[in-house]
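Novice: how would this look folded up:
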Amino acid sequence: MCQQGMFAYLGRGILLILMFLVTIPAKQNRDHKHNRIQRRPYHVVNYRQVEKQILDDILSPSIYDSHIRPRGTNLSASESDGPTIVLVNLYVRSFEKIDDVKMEFSVQITFRQQWNDNRLEFNDQKGKIKYLTMTERSKVWMPDTFFRNEKDGKFHNIIQPNLYVRVYPNGDVLYSIRVSLTLSCPMDLELFPLDTQTCHLKVASYGWTTKDLVYSWKPPDPVQFVANLFLPGGFELARVNDASCDVKTATGEYSCLSVVMQFKRQLSYFVVTIYIPTFMIVCVSWMSFWLDHKSAPARVSLTITTLLAMSTTTSSINSSLPPVAYTKAIDVWSNICVSFVFLALLEYALVNYAARADARAVELRRSYQKQLEQLERESLYKQQFAAKPSNRETSFNNCFPDSSVQIDLEPESEDDFEMMKRGPYPRKQDGRPELGSRKGKLFFAQLLNNTNKKIRESGVRSVLAPRPNFSYRPGAKKIDVLARILFPATFAGLNVFYWSYYLSMAEYASSSNSTG
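Specialist: Modelled structure (predicted):
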């Protein structure tokens with residue numbers, strides 16, 4: 001019995017050991033399987049690889065040919081083909097220059113075109129792929145766009161070419177590129193510097209006619225500008241319009257779009273740099289009217305200096321403008337200022353001539369007065385010292401019945417020629433007068449009498465002076481006084497006419513350009 005119990009107990013122990021050994025590996029297998037299931041990574045889709053695969057598929061040479069134009073959109077059931085619609089949008093980044101001499105302007109823009117190519121449609125992976133981006137524009141069809149009024153242009157390639165091509169799931173293609181352009185802009189400078197210039201940026205197809213390709217502005221804002229845009233050359237952007245400019249030539253009709261930009265010149269810059277300096281030069285030339293006409297060096301140097309200053313200013317203005325066949329507003333102003341400075345110089349020439357004429361008239365009046373005084377002294381002398389006239393004296397006096405001078409002819413005591421050189425009243429060494437020869441006294445009496453008659457008959461006077469009198473006011477001074485009032489008044493009147501006319505013309509031109 002004891003042995004049987006011992007064997008039974010031993011058998012149960014062995015069984016328990018076997019059961020334990022079997023249970024441990026099974027548990028380890030379950031734990032290992034569980035850990036292996038939990039540590040298994042999730043499957044992640046690489047959409048960049050998917051995009052590459054899509055591009056390879058849609059741009060396969062067997063499927064897509066970039067030389068063939070895509071067919072038009074929104075076609076009816078009976079239409080198999082139509083013109084490709086290209087939507088245009090541009091973003092103006094900056095203006096580099098607006099050149100009046102070359103009549104051109106330089107601008108930097110981001111130019112965008114969008115069209116639909118049904119051959120490029122693809123699956124967007126349930127909205128996961130918004131668009132496909134490429135940097136090689138040669139892989140897809142491109143419209144043959146060019147700028148009609150371009151004079152020079154360049155692409156930007158730093159650090160990489162500034163362009164991209166986006167393909168959308170519905171087949172839309174967006175092409176964007178950054179370019180710098182120099183465009184021609186014919187200008188009308190008749191109202192310069194009160195003018196407003198209208199310049200265009202024209203986009204057109206070079207080879208595709210309107211039957212194959214049509215340009216259209218992309219709403220809502222087809223033309224956009226950078227904030228705080230600065231315009232060089234003293235301009236401001238007055239107005240921007242988008243328009244169409246389809247052109248018809250011998251080879252067909254071509255679609256065209258135009259950006260119409262109005263550049264208004266800022267007048268304040270030219271008022272400060274041109275109008276005020278020239279106005280001051282004219283006023284300085286008037287200072288010569290307050291200088292004495294005898295100060296010839298001061299007056300001549302002042303007027304010549306102002307004239308040279310005006311000539312230099314006019315030359316600098318014309319050098320910054322192109323030679324045109326019409327008269328500009330600034331030319332009218334310059335000519336007015338130069339004319340007033342030149343007239344100030346002529347005024348002094350007139351004053352100088354009048355002053356010399358006045359001096360001659362005064363000298364004649366002095367001679368006239370001196371002759372009268374001599375006649376009076378001679379008459380008084382004759383009344384006091386003359387003797388009874390002889391027959392010879394009477395005969396000589398009868399020759400001059402209108403003369404109040406009675407001449408006492410005495411025997412000649414010296415040579416007549418020497419007496420005439422000494423004059424009618426030669427004096428002795430003690431200063432008392434003595435009579436000359438009879439012929440000499442007769443000659444001078446006749447001369448004085450005839451001179452008196454000529455003065456009364458002819459009325460000797462200066463060109464601008466009144467009839468000779470001893471209270472005479474010089475005519476040269478009157479010219480200066482008159483010029484002090486006449487020159488400023490005339491210049492002010494011309495200023496009123498100039499500004500009223502050209503400001504009204506500038507307003508009319510600006511309004512007509514905006515409506516046109």
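
Novice: Kindly tell me how buried residue 240 is, as a neighbour count.
Specialist: By the criterion of other C-beta atoms under 10 Å, residue 240 has 13 neighbours. The C-beta positions use only the backbone N, C-alpha and C, and glycine is treated the same way.

Novice: That one is in contact with residue 260, isn't it?
Specialist: Yes - judged on C-beta atoms under 8 Å, residue 240 makes contact with residue 260 at a distance of 7.0 Å.

Novice: Find residues that contact each of those two.
Specialist: Here residue 240 and residue 260 share no contacting residue, scored by C-beta atoms under 8 Å, 6 or more residues apart in numbering.

Novice: top strand in the protein by residue count?
Specialist: Identified as the longest strand of the chain according to DSSP state E is strand 84-99.

Novice: Parallel or antiparallel, list what pairs with the next helix or strand after it.
Specialist: Note on strand 84-99: by DSSP states H and E, the next helix or strand toward the C-terminus is strand 104-116. Partners of strand 104-116 in the sheet, by DSSP bridges, are strand 84-99 (antiparallel), strand 172-184 (antiparallel).

Novice: Can you check which of these gets nearest to residue 225?
Specialist: With C-beta to C-beta, the closest approach to residue 225 among those belongs to strand 84-99: 4.8 Å.

Novice: Angles on the backbone of residue 258, please.
Specialist: Backbone torsions for residue 258, taken as degrees, to the nearest 10, come to phi -140, psi 140.

Novice: Count the neighbours of it for me.
Specialist: Per other C-beta under 10 Å, the neighbour tally for residue 258 reads 18.

Novice: count of residues packed around residue 320?
Specialist: By other C-beta under 10 Å, 9 other residues sit near residue 320.

Novice: Need the pLDDT of residue 41.
Specialist: For residue 41, the pLDDT comes out at 51.

Novice: wait, residue 460
Specialist: 45.

Novice: repeat for residue 73
Specialist: With respect to pLDDT, residue 73 scores 78.

Novice: what's the single longest helix in this structure?
Specialist: In the chain, assigned by DSSP state H, the helix with the most residues is helix 329-385.

Novice: what mean pLDDT would you report for that helix?
Specialist: Helix 329-385 shows a mean pLDDT of 87.

Novice: Stretch 84-96 too?
Specialist: Average pLDDT, stretch 84-96: 96.

Novice: which ones are touching the nearest residue to residue 298 once chain neighbours are set aside?
Specialist: Leaving aside its sequence neighbours, residue 298 sits nearest to residue 291 (C-beta to C-beta, 6 or more residues apart in numbering; 5.5 Å). Taking C-beta under 8 Å, 6+ apart, we find residue 291 in contact with 298-299, 302.

Novice: number of nearby residues for the closest residue to residue 122 other than its chain neighbours?
Specialist: Leaving aside its chain neighbours, residue 122 sits nearest to residue 54 (4.8 Å; criterion: C-beta to C-beta, 6+ apart). Counted with other C-beta under 10 Å, residues neighbouring residue 54 total 20.

Novice: thought residue 209 was touching residue 254?
Specialist: Yes - if you go by C-beta under 8 Å, residue 209 and residue 254 touch, sitting 5.9 Å apart.

Novice: higher neighbour count, the two?
Specialist: Remark: of residue 209 and residue 254, residue 254 carries more neighbours, 22 against 16, as counted by other C-beta under 10 Å.

Novice: Specify the beta-bridge partners of the more buried one.
Specialist: Beta-bridge pairing for residue 254 (DSSP bridges): residue 247.
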